[in-house]
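Chemist: I would like the atomic coordinates for the input below:
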Amino acid sequence: MTSNHNKPIKTHSWPLIIFLLIIFWPIGVYFLVRKLSVDKKASLTSGRKMTIWGWIIAAMGVISWTSLMEDGFIDGTLGMLFFVFLGLTLVYLGKKSSINADKYKKYIDIIVNKRVRSIATISSAIPVSHDIAIKDIQEMIHKGFFEDAYINYNQDAIVFSTEDEVDERVKNHKVDMKVVSCNGCGANSKVEKGNVEECQYCGSLIGG
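Modeler: Okay, here's the model as predicted:
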């Protein structure tokens, strides 16, 4: 039995999300959480930036309290609390995203760099429970980290359907190839020397 392969889902752009966070934050937060849930590059790189911006927005709310009170004590206090709440929400989401990013990089290192396929071995290396490992790997497949991959429950392993074809193409390649470690996710990829390509696991640019 195998799991269904899920194609990555398109999400809204960062400018739109930031605009909505300012104008109507509940919808902005919803779109932000959704983007972090399905966008592989955002889930690896956005955590620290979100945390910093969260603290900045919260601090701006506190600093501007006096000027906001010109509209009245209650209105000013509510305005201040709005910015503080929004800022702390971003801090929470940013820290959660950073924790997930570190976890994803561990999986990529084990599965891609060390070429481990056994779910039991992967779960021991992280370390997490067997069920959590399956859940995490399926989540990463859903986000598009592992293209053409699925979980084979009979073999208790992650399977890359095109892995043999890719290895054969690289083996028979007539030009010089270079193994490069991606700065975005840490995955080792073979890139033609002198070329700049997108990392197949996170979308970051890597040069050969």
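
Chemist: C-alpha from now on. contacts and neighbour counts both.
Modeler: Will do.

Chemist: and for the spatially most central residue of the chain, nearest residue in space, chain neighbours not counted?
Modeler: Geometric centre of the chain, nearest residue: residue 43, 1.8 Å, by Cα atoms, centre = their mean. Closest residue to residue 43 apart from its sequence neighbours, by Cα to Cα, 6 or more residues apart in numbering: residue 36 at 5.0 Å.

Chemist: can you map out the strands along this protein?
Modeler: 149-152, 157-160, 177-181, 188-192, 196-198, 205-207 (DSSP state E).

Chemist: do you know how far the closest residue in space to residue 91 that isn't next to it in sequence is from residue 28?
Modeler: Leaving out its chain neighbours, the residue that sits closest to residue 91 by Cα to Cα, 6+ apart is residue 51, at 4.2 Å. In this view, residue 51 and residue 28 are 16 Å apart by Cα to Cα, to the nearest Å.

Chemist: neighbour count winner among the two?
Modeler: Set side by side, residue 51 and residue 28 show more neighbours around residue 51, with 22 against 18, by other Cα atoms under 10 Å.

Chemist: residues in contact with the more buried one?
Modeler: By Cα atoms under 8 Å, 6 or more residues apart in numbering, the residues touching residue 51 are 90, 91, 92, 93, 94, 95.

Chemist: follow-up on the earlier one: does the residue nearest to residue 43 touch residue 97 like I think?
Modeler: Yes: contact criterion Cα atoms under 8 Å: residue 36 and residue 97 qualify, at 7.4 Å.

Chemist: any shared contact partners between these two?
Modeler: residue 43.

Chemist: and stretch 25-42, how far from the chain's centre?
Modeler: Remark: stretch 25-42 is offset 11 Å from the chain centroid, using Cα atoms, centre = their mean, to the nearest Å.
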